[in-house]
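Novice: After the sequence you'll find the predicted model.
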There are 2 protein chains.
Amino acid sequence: MQHSAFYISDGTAITAEVVGHAILSQFPLEFTHTTVPFVENLSLAEQVKEQINSCYKTTGTAPFIFYTFVDLQIMDVIQKSAGICFDVLNPFTSQVAAVTGVKPEAKLHRTHSINVNSYDFRIDAINYALANDDGVTTQNYQDADVILVGVSRSGKTPTSLYLAMQYGIKAANYPFINEDMDNLKLPPEMKQYKNKIFGLTIDANRLSAIRNERLANSRYASIRQCRMELKEVELLYRKEKLPFINSTHYSVEEISARIISDMKLERHKY
Amino acid sequence: MQHSAFYISDGTAITAEVVGHAILSQFPLEFTHTTVPFVENLSLAEQVKEQINSCYKTTGTAPFIFYTFVDLQIMDVIQKSAGICFDVLNPFTSQVAAVTGVKPEAKLHRTHSINVNSYDFRIDAINYALANDDGVTTQNYQDADVILVGVSRSGKTPTSLYLAMQYGIKAANYPFINEDMDNLKLPPEMKQYKNKIFGLTIDANRLSAIRNERLANSRYASIRQCRMELKEVELLYRKEKLPFINSTHYSVEEISARIISDMKLERHKY
């Protein structure tokens, strides 16, 4: 049986995607996924309805349809498709309206649009992460919300960018390299910002595999070198009592959520 | 009246945040937001329950609680708090189970964790975006899914990074600078990849404001210079029949969703 899922909206469809994905990932089933954003008029809605119906005909199974719509006429077209429909916000929205006595406002692009309170924070933080990536400068730590440290390819850069992009958090990052290992210590410029430092570590096998993709069969990628570097940085984290996380089995989302939680950082999201 | 919202999970709480935020942003009300990820045991759950109850006492208004839990005992503690509880996935999960005849599997960190199908795509794409940012090289366009072009500070870099981070899409980006403007054309290295090019533009006033934050009172930031550059790139987009978007009123999420939709790019998300 071929299962299918559609994520549809008159906006970006990001909310429909996140909710639908979270629901379906609980099931040990394979799905084909189709996202259709910006279904902004009835003619587009009719096209999507046809697409859903044709998917049903081809696969013999009714697709799951996750959607958010501001325009109720457009929603109505989709609801008349052959799909099994999930209006992912509606049950909760009605309840909030009942409790607060306030009506929801039908406003397009309300969720993933430019929010005056957080958007500039996010763009500033992305620029900060790029300008302070990989130890390229150590002069801007006074502006950092957090300083990530770790060996090369332990996940510092993607994590810095995720913290910036999603939460407007300014993360600098600094790599410990082979030449530091003989007498590993925190760089002097970092000392006064010690309370901002968060360490990353990773299993040696995984690190070696990642480094081999970058520089195959190098000393840099050898399991021996990876083990040595990781042992040294973990010793440093313990000696300096720095908070740290082993990133091996965690995604950037999970690492970031841990860092925000452990370091009590403020999310600039709303 | 002071309204409050909590986003709680035994995982990252990202799903609870996205859903809760999407629901509350429909209401013309102010909320204070608190996210509590990794509530992984009963003792932590009791602490969060106390936090919710104390928020109720202080504000006099029952907070809204949006949550996803794999562990039902932990969920039970939160449900006994004074908050108004929303189990954001549950109604839909039950329905999918009923339709498919398949039981959901209680698995922690299922949503925002490392997914073998998409995670390496995303990290590779982030590395690609960084290595091919701002026209630093034009040698890797054969690997690009999309090549963003536009004047300096029109949103190319954040958009490239968002496409990589969220969807594993490889986006290079290339800036048109003042020196290009006399006889603006596509760089020769780009010609054979013309079908991958997507243009960004922006209102001159907004561009001038952004550039002034970077280099105040410079020629680069002057409204005259911004107008001239934007006129030239928009002429080029039209002459070369390139798809483009004016980013002024759009977030990176919206710009990215438009690009994926217009360029028919594949999302590596699941």
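Specialist: In hand now; what should we look at?
Novice: can you pull out the strands in chain A?
Specialist: Taking DSSP state E, the strands of chain A run over residues A:3-9, A:31-36, A:64-68, A:84-87, A:146-151, A:171-176, A:197-201, A:244-246.
Novice: and the fifth one with strand A:171-176, angle?
Specialist: Which is strand A:146-151. Per axes from the mean of the first three to the mean of the last three CA atoms, to 10 degrees, the angle that strand A:146-151 makes with strand A:171-176 is 20 degrees.
Novice: Run me through the strand neighbours of strand A:146-151, direction for each.
Specialist: strand A:171-176 (parallel), strand A:197-201 (parallel) (DSSP bridges).
Novice: got it, and the longest one?
Specialist: Strands flanking strand A:3-9 in the sheet, each with its direction: strand A:31-36 (parallel), strand A:64-68 (parallel) (DSSP bridges).
Novice: Using PDB, write out every CA atom in that strand.
Specialist: Extracted in PDB, the C-alpha atoms of strand A:3-9 (Å, rounded to 0.1, in the frame of the first residue of the first chain):
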ATOM      1  CA  HIS A   3       0.700   6.100   1.500                       C
ATOM      2  CA  SER A   4       0.800   9.800   0.500                       C
ATOM      3  CA  ALA A   5       0.800  13.100   2.300                       C
ATOM      4  CA  PHE A   6       0.100  16.600   1.200                       C
ATOM      5  CA  TYR A   7       1.000  19.800   3.100                       C
ATOM      6  CA  ILE A   8      -1.000  22.700   1.800                       C
ATOM      7  CA  SER A   9      -1.600  26.400   2.700                       C
END
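Novice: What's the mean pLDDT across it?
Specialist: For strand A:3-9, the mean per-residue pLDDT is 96.
Novice: Any idea how far it is from the middle of the chain?
Specialist: 21 Å (CA atoms, centre = their mean, to the nearest Å).
Novice: Buried residues, it. List them.
Specialist: A:3, A:4, A:5, A:6, A:7, A:8, A:9 (16 or more other CB atoms under 10 Å in any protein chain shown). Every residue, glycine included, has its C-beta placed from N, CA and C.
Novice: wait, which of those is closest to residue A:153?
Specialist: Nearest to residue A:153 among the buried residues of strand A:3-9: residue A:7, at 33.0 Å, using CB to CB.
Novice: what stretches of the stretch 1-150 of chain A score poorly on pLDDT?
Specialist: A:107-118 (pLDDT under 70).
Novice: Show me the helices in it, by range?
Specialist: According to DSSP state H, counting those that start in this stretch, the stretch 1-150 of chain A carries its helices in the segments A:14-24, A:42-59, A:72-79, A:90-100, A:119-131.
Novice: what are the C-alpha coordinates of the longest one, in CSV please?
Specialist: Okay, so that is helix A:42-59. Extracted C-alpha coordinates of helix A:42-59, given in CSV (Å, rounded to 0.1, in the frame of the first residue of the first chain):
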residue,chain,number,x,y,z
LEU,A,42,-9.8,29.2,-6.2
SER,A,43,-8.2,28.2,-9.5
LEU,A,44,-5.0,27.1,-7.8
ALA,A,45,-7.1,25.3,-5.2
GLU,A,46,-9.0,23.4,-7.9
GLN,A,47,-5.6,22.3,-9.5
VAL,A,48,-4.5,21.0,-6.1
LYS,A,49,-7.8,19.2,-5.6
GLU,A,50,-7.2,17.5,-9.0
GLN,A,51,-3.7,16.5,-7.9
ILE,A,52,-5.0,14.9,-4.7
ASN,A,53,-7.8,13.1,-6.6
SER,A,54,-5.4,11.8,-9.2
CYS,A,55,-3.0,10.6,-6.4
TYR,A,56,-5.9,8.7,-4.9
LYS,A,57,-6.7,7.1,-8.3
THR,A,58,-3.1,6.1,-8.9
THR,A,59,-2.3,4.7,-5.5
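Novice: I'd like to know which elements that helix is packed against.
Specialist: In this structure, helix A:42-59 makes packing contacts with strand A:3-9, strand A:31-36, helix A:72-79, judged by 3 or more CB pairs under 8 Å, 6 or more residues apart in numbering or on different chains; DSSP states H and E.
Novice: With the last one instead?
Specialist: With contacts defined as 3+ CB pairs under 8 Å, 6+ apart, the secondary structure elements packing on helix A:119-131 are helix A:156-167, strand A:171-176, helix B:156-167.
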